[in-house]
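**Student:** Need the 3D shape of this:
(chains A and B)
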Amino acid sequence: MGIQIGPAGSREADVSEWLADDPLVLGGQKFGSRLIMGTGGAPSLDVLGRALTAAGTELTTVAIRRVDPTSSGSVLDVVAERGIRLLPNTAGCFTAAEAVRTARLAAEALGTSWVKLEVIADEVTLLPDPVELLDAAEQLVSDGFTVLPYTNDDPVLARRLEQAGCAAVMPLGAPIGSGLGIRNPHNIELMVQAASVPVILDAGIGTASDAALAMELGCAAVLLATAVTRARDPELMAAAMRSAVIAGRLAYRAGRIPKRRYALASSPPVTG
Amino acid sequence: MEIVINGTPHQVAKNLSLDRAVSLVSQAPTGIAAAVNGEVVRRTSWPSIVLSAGDEVEVLTAVQGG
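**Tutor:** As a prediction, this is how the structure comes out:
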């Protein structure tokens, strides 16, 4: 279902027309959707499934944990039913060694060499530990993994991660789950300008305008979970995020007008 | 002998293989991975790995997250 625009009688344009030749290219794979919706935080697998569908996401994150013999239903079934590609993460790892081991376990369990690399510094901020992150990224790249690192909004660290061979850099807009939006848009812009791999805004998104801003800044995609899964209506918020990412991408490609200090009339001056 | 699976002690027969140990906590045909004493073991090798007393086995799968 596309978004119909234009008044009746005019050329019937569908947004998909402008998106068809503009896929997200990540790790050598093409994706039609630039919204990567994670699976964390959903109140049930049913709600999660409906939100994933509404988001139109083609890539989704999962965490790796001990099996729970008492649990019924698997997030893997919800994802597989929708033909969505899996991106395991290393959430909960504090050291490079733990993250590398978790990535290897994920590869073994899920048959993918892609990993969202997370190495956090502490439980309070959940901020990435840059030293451990870079170390883990280097090890996993040399092991043949497609490494997508969750990183600070630091353009210098992003450059180091790219030099290490990461397939993307994924800066936070604000701490995980905070919903504070993009606290340092200038740094995100700097990263976009300098990077030759996709920059994916990961973490901090609170609502649709945050996702649109990320795309307007030139990010290649947005990764979010909490903003959808903990919204009052997750399915509706997923649809909002889908539209916001598309709107932001089109605005970025269209080129925003420069900001001016004074007015510029948009109607011709009155004459005669 | 006693081994530890996912943090819980289990009394098991001597020379238990890894695939048998894994089956004590999961019968999933796919989507799980195992490590013994921190070393990841490929699924195809599970039947040939013989466990020793005190071994720590981790059996993991994908859950909601991220």
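**Student:** Get me the contact residues on the stretch 101-250 of chain A for chain B.
**Tutor:** Taking CB under 8 Å from any CB of the partner chain as the measure of proximity, the stretch 101-250 of chain A contacts chain B at A:R101, A:R104, A:L105, A:A106, A:E108, A:A109, A:L110, A:K116, A:E118, A:A225. The C-beta positions use only the backbone N, C-alpha and C, and glycine is treated the same way.
**Student:** Which residue ranges of the chain form strands?
**Tutor:** If you meant another chain, say so; for now it's chain A. In chain A, the strands defined using DSSP state E lie at A:4-5, A:13-14, A:24-26, A:29-31, A:35-37, A:59-66, A:85-88, A:114-117, A:146-151, A:170-171, A:200-202, A:221-224.
**Student:** look at chain B instead
**Tutor:** Secondary structure of chain B (DSSP E): strands located at B:2-5, B:8-11, B:32-36, B:39-41, B:56-64.
**Student:** For chain B, what's the nearest residue on chain A?
**Tutor:** Closest residue of chain A to chain B, CB to the nearest CB: A:A63 (2.7 Å).
**Student:** neighbours around that residue, how many?
**Tutor:** A:A63 has 24 neighbours, counted by other CB atoms under 10 Å in any protein chain shown.
**Student:** In contact with it, which residues?
**Tutor:** Taking CB atoms under 8 Å, 6 or more residues apart in numbering or on different chains, we find A:A63 in contact with A:G40, A:P88, A:N89, A:A91, A:G92, B:A62, B:V63, B:Q64, B:G65, B:G66.
**Student:** mind running it again at 10 Å?
**Tutor:** Going by CB atoms under 10 Å, 6 or more residues apart in numbering or on different chains, A:A63 touches A:38-40, A:75, A:88-92, A:102, A:106, A:116, A:118, B:60-66.
**Student:** partner residues bridging it?
**Tutor:** B:V63 (DSSP bridges).
**Student:** Would you mind naming what in chain B lies close to chain A?
**Tutor:** B:5-8, B:22, B:24-28, B:30-35, B:38-43, B:58-66 (CB under 10 Å from any CB of the partner chain).
**Student:** What's the PyMOL line that selects buried ones from those?
**Tutor:** Here is the PyMOL command that picks out the buried ones among these, judged by 16 or more other CB atoms under 10 Å in any protein chain shown:
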select buried, chain B and resi 5+6+22+24+25+26+31+32+33+34+35+40+41+43+58+59+60+61+62+63+64+65+66
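**Student:** Would you point out which residue is most central in chain A?
**Tutor:** By CA atoms, centre = their mean, chain A has its centre lying nearest to A:L223, at 1.8 Å.
**Student:** partners of it in the sheet?
**Tutor:** A:I36, A:D202.
**Student:** cool, and B:A34?
**Tutor:** Taking DSSP bridges, one obtains B:V41, B:V59 as the residues bridged to B:A34.
**Student:** show me where the stretch 51-200 of chain A has helices.
**Tutor:** A:75-81, A:96-110, A:130-142, A:155-163, A:185-194 (DSSP state H, counting those that start in this stretch).
**Student:** Just send those back as TSV, with mean pLDDT, distance to A:S266 and mean neighbour count too.
**Tutor:** Output for these, formatted as TSV (pLDDT from 0 to 100; distance: least, CB to CB, whole Å; neighbours: other CB atoms under 10 Å in any protein chain shown):
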stretch	mean pLDDT	distance to A:S266	mean neighbour count
helix A:75-81	94	48	18
helix A:96-110	96	53	23
helix A:130-142	98	47	20
helix A:155-163	97	36	19
helix A:185-194	96	26	18
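**Student:** picking up where we left off before, is it correct that the residue nearest to the centre of chain A is in contact with A:I36?
**Tutor:** Yes - counting by CB atoms under 10 Å, A:L223 touches A:I36, with 4.2 Å between them.
**Student:** joint contacts of these two?
**Tutor:** Joint contacts of A:L223 and A:I36 (CB under 10 Å, 6+ apart) are A:T57, A:L59, A:T60, A:T61, A:L87, A:K116, A:L148, A:M170, A:I200, A:L201, A:D202, B:G66.
**Student:** Would you mind putting those residues into CSV with pLDDT and distance to A:V192 alongside?
**Tutor:** Shown next, in CSV, are the shared contacts of A:L223 and A:I36 (pLDDT from 0 to 100; distance: CB to CB, whole Å):
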residue, pLDDT, distance to A:V192
A:T57, 97, 21
A:L59, 97, 20
A:T60, 97, 24
A:T61, 97, 22
A:L87, 97, 21
A:K116, 98, 19
A:L148, 98, 16
A:M170, 98, 12
A:I200, 98, 10
A:L201, 98, 10
A:D202, 95, 14
B:G66, 84, 22
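**Student:** closest to A:D22 among the residues you listed?
**Tutor:** Nearest to A:D22, judged by CB to CB, of the shared contacts of A:L223 and A:I36 is A:I200 at 15.6 Å.
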